[in-house]
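>>> Fold the following for me, if possible:
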Amino acid sequence: MQPKNTICLWFDRDAEEAARFYAATFPDSEVTAVHMAPGDYPDGNAGDVLTVEFTVCGIPCIGLNGGPAFKHSEAFSFQIATDSQEETDRYWNAIVGNGGEESACGWCRDRWGLSWQITPRVLTDALAAGGEEAKRAFDAMMSMQKIDVAAIEAARRG
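Prediction:
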């Protein structure tokens, strides 16, 4: 059964490659279908991969090979909650090491231009605590690219 709400992500021509990378990188992720274009369209031909159905950490998505007209931006990102520095490093290094780039405060961008927030739960817990504890964790985060769990824990303790 198709879900009622699905995230549709616009790609130039490489939705299948991106979906297969996400499926190999994140748990509870898979490519579930690849659909070919039944006819020519403005940026493709009949028989080209038109859409790819996949999940990222259980979230249903469709990758649409719509051509170069639209680019991804930080206005949309996947936020992946992590439970350890090892898990944070694994996802961050997979994205950045596969042609992506680092950004700030736990954000990075993959080689297809999609933004990811690789966010340790220790950070979200610290921010939710409020007060000075949250301020110290926030200030520590603001100086980071990839989140350093030990540094957030130290800042939280004061």
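
>>> Just the strands from the chain, written as ranges.
7-11, 30-36, 49-56, 59-65, 77-82, 101-102, 107-109, 115-120 (DSSP state E).

>>> Averaged pLDDT, the fifth one. What do you get?
Mean pLDDT, computed over strand 77-82, is 98.

>>> Could I get the buried residue list for that strand?
77, 78, 80, 82 (16 or more other C-beta atoms under 10 Å). Just so you know, the C-beta spots here come from the backbone N, C-alpha and C atoms, and that holds for glycine as well.

>>> With the first one instead?
By neighbour count, and taking 16+ other C-beta under 10 Å as the criterion, the buried residues in strand 7-11 are 9, 10, 11.

>>> Could you do the last one as well?
Of the residues in strand 115-120, 115, 116, 117, 118, 119, 120 count as buried by neighbour count, 16+ other C-beta under 10 Å.

>>> Now render the strands of the chain as TSV, adding distance to residue 95.
TSV is the format used below for the strands of the chain (distance: least, C-beta to C-beta, whole Å):
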stretch	distance to residue 95
strand 7-11	15
strand 30-36	18
strand 49-56	12
strand 59-65	16
strand 77-82	9
strand 101-102	9
strand 107-109	5
strand 115-120	6
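
>>> Mind listing the residues bridging to residue 115?
The partner list for residue 115 in beta bridges (DSSP bridges) reads residue 77, residue 109.

>>> how about the helices of this structure, start to end?
15-25, 85-97, 121-129, 131-142, 149-157 (DSSP state H).

>>> winner for burial among the ones you listed?
helix 15-25 (a mean of 20; mean count of other C-beta atoms under 10 Å).
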